[in-house]
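Asks: Generate coordinates for the sequence data below:
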Amino acid sequence: MSDELLDLPLAERVRLIERGELDLADWLAAANDWGFAADARYRACADLRPATGPVRLGVKDTVDVAGFPTRLGLRRYRHHPTRSAAPLRGVGVEVTAKVVTTELNIGVGSGCVNPNFPHIDPAGSSTGSGVSVAANICDVSLGTDVLGSVRWPAAHCGVVGLRTTHDPAALEGVFPLSPQMDAAGWVARTADDLAFAWEYLGLGQVPRPGRRRIAVVEEVFDGGCADEILAVVEAVASALKDAGHEVGRARLGELWDCRAIAWELCSADAWRGHQVWGDWVNDDLLESTWAALRSGAEVSAERHAEISARLVAQRAAVPALFDAHNADFWLLPMDPDVPRPIGSFVRSGTTIPGPGEPDYESRIGYTPVASFAGLPAITVPAATGAEHGAPIAVQLVGRPGTDADLIRLACDLGNQP
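Replies: Residues are numbered from 1 along each chain as shown. So this is what the prediction gives:
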């Protein structure tokens, strides 16, 4: 079977199989041969099984799937759930793979190889979700996103990643790193593939094309963001205008200023969670994982309560913040800097940025905006860096519940000439 058939858009492949124009058994044989060979090369999966249907679904190894062990990215630990996590219930597709994650969602490094940009680290913690999709091992993959954990791997691998609206009910059966900010997330190769999967998996309906109100976040132009990235944001804003959308500007004010304390909250939540699940996990952890947990131990109970109260207040203020700028979506970069090639920088020993680090402002980044506010966000590939050929992505952040609208906007961008 040719590469062209393996690379067919997801909707077209399913349509051909359903019409009998593409033999399912033939396609499965080719897809499984490729999947196992690709996983040996890119190391995306913790547990890969033969596909049995036209859509191959991967799930991050911190999310319970009945019939698969959940290992949490650890070397020895595993448990064997009899019930799948809430985001998978009612999804009428068999899981093909449990995909790699960093230790406990908070460690450094995964061992995965970036299929599309092998000189760029695929990032984490939903590393396997991004890599398995980019490598065409999975068509769509479920991950989790606390402060960018779905969006970064998608962006670094040149694919599309959606963080869904924060919903505590959707976290049942999901390892609790920072329940106040954690959200399910989905990765697909293209926005069109994600739109098809969204409906095929029964997650909802993607709305028809229509004019939408978008505001470019002005704070990114205040300093600290690479000129090349700012130029990409402006180009994407122009593309959205060309697609018929209304594009203005917005300042996020206090929400923007909460990006740093979002990291503080994540580490504090992780440390407090470790006091509960540390005994039953009972595995040797990497030093980078311990370093992230220890940073949370330094956050006092009073400070934790203060940040949590600010989170609640910011979420209550979100509707008015959108209304003030006559917008329903915000456009901003994924990160202040273009991803750097592996070996060109010294990797930090912890995932948690610390005040006083030379690149502290850069590491805080822009992803916490959606996380702290509990909002959905989608990242889409937008350009390739001039110097190192690294992927540059942007993100769109929407009002609560606009997950499917974000997919539509990503489709609009992906279908621009």
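Asks: Which residue ranges make up each domain of this protein?
Replies: Following automatic domain parsing, the chain resolves into domains at 3-200, 213-414.
Asks: a markdown table for those, including distance to residue 207?
Replies: The C-beta positions use only the backbone N, C-alpha and C, and glycine is treated the same way. Shown next, in a markdown table, are the domains of the chain (distance: least, C-beta to C-beta, whole Å):
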| stretch | distance to residue 207 |
| --- | --- |
| domain 3-200 | 10 |
| domain 213-414 | 5 |
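Asks: so of these, which one's packed in deepest?
Replies: Of those, the one with the most neighbours on average (mean count of other C-beta atoms under 10 Å) is domain 3-200, at a mean of 22.
Asks: picking that back up, generate TSV for the domains of the chain, with mean pLDDT as supplementary columns.
Replies: What follows is the domains of the chain, written out as TSV (pLDDT from 0 to 100):
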stretch	mean pLDDT
domain 3-200	97
domain 213-414	96
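Asks: Centroid-nearest residue for the chain?
Replies: Nearest to the geometric centre of the chain sits residue 150, at 1.4 Å (C-alpha atoms, centre = their mean).
Asks: Can you show me the helices along the stretch 1-150 of the chain?
Replies: 3-6, 10-18, 24-42, 127-134 (DSSP state H, counting those that start in this stretch).
Asks: could I get those as TSV with distance to residue 308?
Replies: Formatted as TSV, those follow (distance: least, C-beta to C-beta, whole Å):
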stretch	distance to residue 308
helix 3-6	47
helix 10-18	40
helix 24-42	38
helix 127-134	28
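Asks: which stretch among those helices comes nearest residue 268?
Replies: Closest of those to residue 268 is helix 127-134, at 23.8 Å (criterion: C-beta to C-beta).
Asks: Quick one: list the elements packing against that closest one.
Replies: helix 24-42, strand 45-48, strand 57-60, strand 95-99, strand 140-145, helix 151-157, strand 183-188 (3 or more C-beta pairs under 8 Å, 6 or more residues apart in numbering; DSSP states H and E).
Asks: need these in a markdown table with distance to residue 307, can you?
Replies: Putting the helices and strands packed on helix 127-134 into a markdown table (distance: least, C-beta to C-beta, whole Å) gives the following:
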| stretch | distance to residue 307 |
| --- | --- |
| helix 24-42 | 37 |
| strand 45-48 | 33 |
| strand 57-60 | 26 |
| strand 95-99 | 31 |
| strand 140-145 | 19 |
| helix 151-157 | 22 |
| strand 183-188 | 18 |
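Asks: Looking at the ones you listed, spot the one closest to residue 381.
Replies: It is, among the helices and strands packed on helix 127-134 and with distance given as C-beta to C-beta, helix 151-157, at 7.2 Å.
Asks: Report the distance from the closest one to the chain centre.
Replies: The chain centroid and the centroid of helix 151-157 are separated by 7 Å, computed with C-alpha atoms, centre = their mean, to the nearest Å.
Asks: Do a quick rundown of the strands in the stretch 101-250 of the chain.
Replies: Ranges of strands in the stretch 101-250 of the chain, per DSSP state E, counting those that start in this stretch, are 140-145, 160-163, 183-188, 213-217, 246-250.
Asks: could you redo those as JSON lines and give each row distance to residue 206?
Replies: As requested, those are arranged in JSON lines below (distance: least, C-beta to C-beta, whole Å):
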{"stretch": "strand 140-145", "distance to residue 206": "14"}
{"stretch": "strand 160-163", "distance to residue 206": "11"}
{"stretch": "strand 183-188", "distance to residue 206": "12"}
{"stretch": "strand 213-217", "distance to residue 206": "17"}
{"stretch": "strand 246-250", "distance to residue 206": "20"}
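Asks: The stretch 251-400 of the chain: strands as residue ranges?
Replies: Listed in chain order, the strands of the stretch 251-400 of the chain (DSSP E, counting those that start in this stretch) span 329-333, 377-384, 391-398.
Asks: partners of the shortest one, with directions?
Replies: When sheet partners are counted by DSSP bridges, strand 329-333 sits next to strand 213-217 (parallel), strand 391-398 (antiparallel).
Asks: Perfect, that will be all.
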